[in-house]
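1. Return a 3D structure for these sequence lines:
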Amino acid sequence: MFRTWELTSPWTGAEIMVPTKFIVGDLDLTYNIAGAKDFINKGGFKKFVPLLDGVVIMKDVGHFINEEKPEEISALIISFIKKFN
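-> Now for the predicted structure:
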């Protein structure tokens, strides 16, 4: 585990510079970690992902959103991709 942190340290603070749609379930444990909601919803996330196209918080969905709500996830992804045609 410590070796992984060493290997990825050059990218600490790096921005994601591609158009991105962030989709998360409101029951996802990672979304409910202390501070995560504020970071995602109040601009902290946008600082690292400047081309963020939006954040979608899906209701009553956990971590495996593609398995729990496949039609809704597919529709969101297709809609996002169609913007680039």
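2. Could you pick out the longest helix of this protein?
-> Of all segments of type helix in the chain, defined using DSSP state H, the longest is helix 70-82.
3. who does it touch, helix- and strand-wise?
-> Under the contact criterion of 3 or more C-beta pairs under 8 Å, 6 or more residues apart in numbering; DSSP states H and E, helix 70-82 touches strand 20-25, strand 52-58. Using the backbone N, CA and C atoms, a C-beta is placed for each residue, glycine as well.
4. Would you tell me which one of the ones you listed is buried the most?
-> Each of the helices and strands packed on helix 70-82 was scored by mean neighbour count; the highest is strand 20-25, a mean of 17, by mean count of other C-beta atoms under 10 Å.
5. Not counting that strand itself, show me its contacts.
-> 30-31, 40, 45, 49, 51-58, 60-63, 65, 68, 73, 76-77, 80 (C-beta atoms under 8 Å, 6 or more residues apart in numbering).
6. could you redo the last one with a cut-off of 6 Å?
-> Outside strand 20-25, the residues within contact range by C-beta atoms under 6 Å, 6 or more residues apart in numbering are 31, 49, 52-56, 58, 61-62, 65, 76, 80.
7. So what touches stretch 27-42?
-> In contact with stretch 27-42 (C-beta under 6 Å, 6+ apart) are residues 24, 45, 55, 62-63.
8. Next: stretch 76-85.
-> 21, 23.
9. Could you do stretch 52-68 as well?
-> 19-23, 25-28, 40, 46, 69, 73.
10. I'd like these as a markdown table, with pLDDT and distance to S9 appended.
-> A markdown table is the format used below for those (pLDDT from 0 to 100; distance: C-beta to C-beta, whole Å):
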| residue | pLDDT | distance to S9 |
| --- | --- | --- |
| P19 | 95 | 26 |
| T20 | 94 | 23 |
| K21 | 95 | 28 |
| F22 | 95 | 24 |
| I23 | 95 | 28 |
| G25 | 95 | 30 |
| D26 | 95 | 32 |
| L27 | 96 | 32 |
| D28 | 94 | 27 |
| I40 | 94 | 23 |
| K46 | 92 | 23 |
| K69 | 95 | 36 |
| I73 | 95 | 33 |
